[in-house]
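# have a look at this prediction, sequence included:
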Amino acid sequence: MIRDTVFRGLNSPPVDLLHYLPASTLPVLMDAKVAGVTTLRKSSEPGIPAWLLVRGLHGPVTKQSALYSLTPLYVVDGIPLIQNHAFPFGIKQYDYERIGSETDITTMLNINDIESIEVLKDPAAIAAYGVQGIDGVVLIRSRKPIPGKYRINVNLYGGVSLKPYDIKTANGRYERDFRKPFYDAYATQQQLAAFPAYLADSSNTVYYGAANWDDLYYQNAWQHSVNAAISGGTERAYFRLGLGNVRENGVMRNTGVDRYNVSTAIGMMPFDDLTITTQIQLGLTDRSRNTFLRERFAEQEYLPTLAAPLSPNKDYLSGYYSLLDRWSFDKNQDHFLAGMIKAAYQLKNWNLSSSFLMNYHDNNRDLYFPTTVNDGNNFASYFIGLDKRSAWKNEISYKPDLGADMVLQLTGGAGAQWDRRKYDYIKGYRGGSDFVKIIAGGSTPSFQNGTVFAFKDYLNHNLVSFSGRANFMLKNRYELTAAVSREGSSYFQNGYWWFTSPSLALAWDLKNELHLAPAFSLLKIKAGIGRTGRVFDNDSYGYGPVYTVDNGYNGAPFIPSYGSMPTLTLPFSRGYTGWGIGWAYADQATVGFELGLAEKWNVAATYYLRNDKNMVAPVPVPTEYGFTKEYKNGLAVKNTGVEASIGSYFGTGSFKWSPELLLHWNNNRITALPDGLNSIQSDGRRLQKGQRVDAFWLLENEGIYETDAAVPVNPSTNQRLTYYGVTVKRGDPRWKDMNGDFVVDDNDRIFRGNMYPKISGAFNQSFNYKNWELNLLTAFALGKYLVNEAVANRFDFANREVSGSMSGVKEVTFWTQIPDREKYPLYNPWSLVQPYQRDQTLFLEKADFLKLKSVMLSYSMKDLAWVKKAKITSMKAYITANNLFTVTPYTGRDPELSNYMGYDDGYGIPFPRSFSLGLQLDL
C-alpha cells in the first residue's frame with residue numbers, strides 16, 4: 001500500500017482509502033486527492049450535485065445550468081454515463097436547484113466495487129472519448145473476478161456525523177439591537193412607524209424567547225455502509241456479484257441519502273480466441289432533502305406572506321415542523337442501470353471487438369405542501385425525468401511483428417451513440433382538501449378543482465464517430481501516439497454537423513536512453529498536443545431562429561398564454577439564435593516529466609496550455625430588434641497551469657512514513673469575445689477581454705460619506721456625485737469613481753478576486769508500524785475569494801423586509817449572529833443607492849484554507865492465529881475521522897462552499913465532523 005500511495009502520480013486518487021471514507025458522491029470522495037482537479041459544492045447536504053472541474057474553469061458560469069457542460073465525462077467500465085441534464089432549468093424562474101430529485105449521478109455508484117480511478121486530462125488521453133471528453137474523463141474500472149479463485153469481500157462501517165457545535169444563535173433582541181443604530185441615525189418617522197411587528201414587542205416570546213432553534217434544526221446523524229461481493233470461476237467462465245447499501249444522514253433535520261446497489265460481471269471463453277463479457281450495475285437511491293423556505297417557494301413559484309419569519313425558539317418552531325412533517329411529503333428517488341455486452345476475437349495479429357452499451361437513469365420527485373404552512377394555498381407537483389443512452393462501438397486493431405526493438409499497434413474504430421431525454425412536470429395550486437395530496441393524471445389532469453399546469457420536453461441527440469490511432473514504440477525508449485477522430489452531432493445546424501479532432505503525444509524514456517539505473521528508477525519526458533470539439537449540451541443552437549414558449553405573465557413567464565390563449569412567440573427575453581452557429585473547440589498542449597530516484601522518490605509535473613475557442617456567448621443587440629441579446633460564436637478562454645506530485649517513503653523495518661504533496665497552479669483569462677468586442681455583460685457578470693472568467697465585478701469601497709458636504713461636486717455642473725442618477729448623500733457608501741465622471745455606475749466596477757483558487761493541493765501522509773497504519777489527508781487552497789452574500793443580506797434588511805420577493809425570505813438560519821459586524825460601516829439602509837448590495841468589495845473576503853480532511857487508523861489482523869486458521873486472506877479493522885479542523889480567514893460558513901457564481905448565500909450546510917468504525921475482510 002505504501003508503494004501505491006507514493007507512485008500514484010498526477011491522475012489517480014488512492015482508491016484503497018476511498019473505500020473506507022463515508023461519503024455518498026464521488027466528487028466529494030475525490031476532493032484534494034488528484035492534482036489539477038477541484039470540486040465545487042454549495043453544501044455538504046448528502047446527495048446533492050458536486051461539480052468536478054479539471055484543469056480550471058473552461059468557460060463562464062453565469063447560471064447554474066452552465067456547469068453541466070463544463071464537467072468531465074464519467075466512464076464506468078467503458079460505459080459513458082449519461083448525467084442529469086440542464087434543460088429543465090428552462091421552465092423555472094429560479095435556478096437555486098434543478099427540478100426533480102437533484103441527486104448527483106455518482107451517488108448511484110458503489111465505491112466498494114471500484115478497483116481504480118484515473119482522471120484523463122491530456123489531449124491524447126481523452127482522444128479515445130472524442131468530443132464528450134473535452135472537459136476531462138473520469139475513468140472508473142470495477143473490480144474484476146480472478147479466474148480460478150473464489151473470493152468473498154466484505155466491507156462495512158457505522159458512524160456518526162456531529163451537529164455543529166459553534167453556532168452563535170440570535171433572537172429578536174439581538175436583531176433589534178443590531179438594527180437600532182441604523183434607525184437612530186437615519187430613519188424617518190415613516191420608517192420608524194414601519195418597524196417590523198415581529199421585533200416591536202420585546203415581551204413576545206415567539207421572537208424574544210430563547211434562541212435555541214439549532215437544537216431542533218441540527219442533529220447528530222447516523223451513517224452506515226454494508227457491502228459484500230463474491231467472485232470466482234475458471235479460465236473459461238468467471239463471475240462477480242456485488243451487493244451494497246449505504247446510508248448517509250445529514251446533520252440538518254430530515255436530510256440524507258439511502259442507496260442500494262447490485263453489480264454483476266460475467267466472462268466466458270466459449271472458444272480459445274473468443275471472449276464474451278457482460279457487466280450490469282443497478283442503483284436505487286432515496287433522498288431526503290432540505291426544508292428551506294426559499295427552495296419551497298422557488299419550486300411552487302408562489303410566495304406566501306413573509307411578514308412573520310420562523311421563530312428562533314424551538315418550542316414554537318417545533319409547531320411549524322410538526323405541521324410540515326405531518327401534512328407534507330417530499331419523495332425523491334433515482335433509478336440507475338448501466339450495462340454492457342462485449343465480444344472480442346483474437347486472430348493472430350488482429351483483434352476485433354464489438355460492444356453494445358446502455359445507460360438508463362430516471363429521477364422522480366413527488367411533492368406536497370399543505371394549506372397550514374402555505375397561507376391557505378396548498379401545492380402539489382410531480383416530476384419524472386428520463387435519461388437513456390445506448391451505444392454501439394466497434395474496434396479493430398493490428399499489431400504486426402516488427403522485431404524486439406519495435407512495437408506498432410494500429411487501431412480503427414467506429415460507433416454510434418443515441419441519447420434520449422425527456423421530462424414530465426405537473427404542478428397544481430389550491431386543491432380542495434389537504435387530504436388529497438396528488439394531482440390526478442390523464443388527458444385532463446386535475447387537483448380537486450384547483451389550478452393545474454403541465455410541462456414536458458423531449459431531447460434527442462445522435463453522435464456518430466470514426467477514429468484511428470497509431471501507437472509506436474522504439475527500443476523501449478521512444479513512444480509516439482497519434483490519433484484522429486471524425487464525429488458528427490445532431491445538435492448542429494446543417495453544414496456544421498462534423499468536427500475533426502487530431503492529437504499527438506510523444507514520450508522519451510531517458511532512463512533507458514542514458515542507462516541511468518539504479519540511481520534513477522524512472523525518468524521520462526512527455527509532451528502532447530491536440531484539438532477536441534465541444535458538442536452543445538442541447539439543441540437550442542441547432543435550428544437557427546425558432547419560436548418558443550416565452551409569452552406568459554408576471555410570476556409565470558413560461559406559461560404559454562396570451563389573453564388566455566395558448567401561443568408561441570419569438571424568444572425576445574431569452575435571446576436570438578441565428579444561422580451559422582458552429583463548433584467550439586479546445587486546443588491543448590502539455591509537457592511534463594516523471595522522475596523516480598532509487599525507487600524511493602517519485603516526482604511528476606505537467607505544464608498545460610489550454611485554449612477554449614469559438615464558444616457561444618450572448619452579444620447585445622439594438623433595442624429596436626426586440627431581443628435582449630443574440631448568441632454568437634467567438635468567446636475564447638485560456639487556462640494555463642502546472643500540476644505536480646511529489647511522493648516518497650522513509651524508514652526501514654517496522655516503521656515507514658510515506659508523504660505525498662499534490663500541487664496545482666492555475667490561471668485563466670478571457671482572450672476573445674464575439675464580434676471583436678472588448679466586454680459584454682451576461683446575467684450579472686461582466687466578461688471582459690484580458691480578465692479572469694471567474695473574477696468578481698465589484699464597486700470599490702472607500703468608506704462612508706459622513707455629511708452631505710463630503711460628497712464630491714462636479715465643477716462643471718455644480719451637481720453632487722450620483723449613483724445611476726440618484727444623488728449621493730450622507731450615510732451613503734464612498735464608492736470609488738474610477739473614471740472621474742462624478743457618476744458611479746457599472747463603468748466604475750472593478751475586477752477583484754476570483755472564485756477558483758490560484759493554487760490548490762493536498763499533503764497526504766501514511767504512517768506504518770507493524771500491522772498499524774495511520775493516514776492523514778490534508779487539503780489547502782490559496783488565492784481564492786468569496787463574496788459573503790449572507791452578511792450582505794443581513795445588512796440590507798430595509799430592502800429585504802418589504803421586498804415581497806425571494807430576497808425577503810428568512811430561513812430559520814436568519815437567527816444567527818453576524819460575524820465581525822463591527823467592521824462594516826453604518827450606511828443608510830433606506831438609501832436609494834442600495835448601500836448594502838452584494839457586488840462591492842466590502843463583502844469580498846479571502847477564502848484561503850487549510851483543512852484536515854480525514855484521519856484513518858487501521859489495524860491488519862492477517863497475522864492473528866484465528867484469522868489464519870479461518871483461511872481469511874486479509875482482515876482489517878479501521879476507524880476514520882473527517883473534517884476535524886479548518887484554518888481560514890474567511891468569516892462565512894465554510895470557505896469551500898458557494899454557489900456557482902462564487903457567492904456564499906448562507907444556505908449550504910457546513911461540513912460536519914464525523915467518526916466511523918469499520919471492518920474489511922477478504923475470504
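Received it, and whenever you're ready, just let me know what you need.
# identify the bridge partners of the residue nearest to Thr888 when sequence neighbours are not counted.
If the residues on either side of it in the chain are set aside, Thr888 comes closest to Phe849, at 4.0 Å by CB to CB, 6 or more residues apart in numbering. From N, CA and C alone the C-beta is placed, and that goes for glycine too. Beta bridges link Phe849 to Ala781, judged by DSSP bridges.
# relative to Pro889, how far out is Phe849?
According to CB to CB, to the nearest Å, Phe849 and Pro889 sit 9 Å apart.
# pretty sure the residue nearest to Thr888 contacts Thr778?
No - using CB atoms under 8 Å, Phe849 is not in contact with Thr778, being 10.7 Å away.
# look at those two and report which has more neighbours.
For Phe849 versus Thr778, the count of surrounding residues by other CB atoms under 10 Å is larger for Phe849: 20 against 17.
# for the more buried one, give me the pLDDT.
Phe849 is assigned a predicted lDDT (pLDDT) of 96.
# can you pull the contacts of it?
Ala779, Phe780, Ala781, Lys784, Thr886, Val887, Thr888, Tyr890, Pro895, Glu896 (CB atoms under 8 Å, 6 or more residues apart in numbering).
# element containing the first one, please.
It stands for Ala779. According to DSSP states H and E, Ala779 maps onto strand 772-782.
# buried ones in that strand, by neighbour count?
Glu773, Asn775, Leu776, Leu777, Thr778, Ala779, Phe780, Ala781 (16 or more other CB atoms under 10 Å).
# where's the closest residue to Asn611 other than its chain neighbours relative to Ser501, distance?
Leaving out its chain neighbours, the residue that sits closest to Asn611 by CB to CB, 6+ apart is Asp587, at 4.6 Å. The gap separating Asp587 from Ser501 is 11 Å, by CB to CB.
# okay, the two: which has more neighbours?
Here Asp587 and Ser501 are compared on neighbour count by other CB under 10 Å; more neighbours surround Ser501, at 25 against 16.
# my guess is the more buried one meets Tyr129, correct?
No - Ser501 is beyond contact range of Tyr129, at 10.3 Å (criterion: CB under 8 Å).
# where in the chain is pLDDT low?
Applying pLDDT under 70 to the chain flags the ranges 1-8, 546-569.
# so for it, the centremost residue is which one?
Nearest to the mean C-alpha position of the chain, by CA atoms, centre = their mean, lies Trp51 at 1.9 Å.
# who does that one form a beta bridge with?
Legend: beta-bridge partners of Trp51 under DSSP bridges are Leu40.
# ok, Lys144 - contacts?
Shown in contact with Lys144 (CB under 8 Å, 6+ apart): Glu115, Ser231, Arg240, Ala265.
# doesn't it belong to a helix?
No - judged by DSSP: H, G, I helix; E, B strand; the rest coil, Lys144 forms no part of a helix; its state is coil.
# need the contact list for Glu643.
Per CB under 8 Å, 6+ apart, neighbours of Glu643: Leu10, Ala35, Gly36, Arg55, Gly592, Ala605, Thr606, Tyr608, Leu663, His664.
# can you redo the residues you listed as JSON lines with neighbour count and secondary structure?
Shown next, in JSON lines, are the contacts of Glu643 (neighbours: other CB atoms under 10 Å; DSSP: H, G, I helix; E, B strand; the rest coil):
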{"residue": "Leu10", "neighbour count": "22", "secondary structure": "coil"}
{"residue": "Ala35", "neighbour count": "26", "secondary structure": "coil"}
{"residue": "Gly36", "neighbour count": "27", "secondary structure": "coil"}
{"residue": "Arg55", "neighbour count": "27", "secondary structure": "coil"}
{"residue": "Gly592", "neighbour count": "20", "secondary structure": "strand"}
{"residue": "Ala605", "neighbour count": "17", "secondary structure": "strand"}
{"residue": "Thr606", "neighbour count": "26", "secondary structure": "strand"}
{"residue": "Tyr608", "neighbour count": "22", "secondary structure": "strand"}
{"residue": "Leu663", "neighbour count": "19", "secondary structure": "strand"}
{"residue": "His664", "neighbour count": "26", "secondary structure": "strand"}
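# what's the closest of these to Ser69?
Arg55 (15.7 Å; CB to CB).
# how near is that closest one to Val76?
Arg55 sits 22 Å away from Val76, going by CB to CB.
# same question for Ala517.
As judged by CB to CB, Ala517 and Val76 stand 38 Å apart.
# now do Gln189
67 Å.
# try Gly530
Distance, Gly530 to Val76, by CB to CB: 24 Å.
# same question for Asn714.
Asn714 is 64 Å from Val76, where distance means CB to CB.
# who's more crowded, the two?
Val76 (23 against 14).
# quick one: contacts for the more buried one?
Neighbour list for Val76: Leu109, Ile140, Ser142, Gln281, Ala338 [criterion: CB under 8 Å, 6+ apart].
# quick check: bridge partners of it?
Beta-bridge partners recorded for Val76 (DSSP bridges): Ile79, Ile140.
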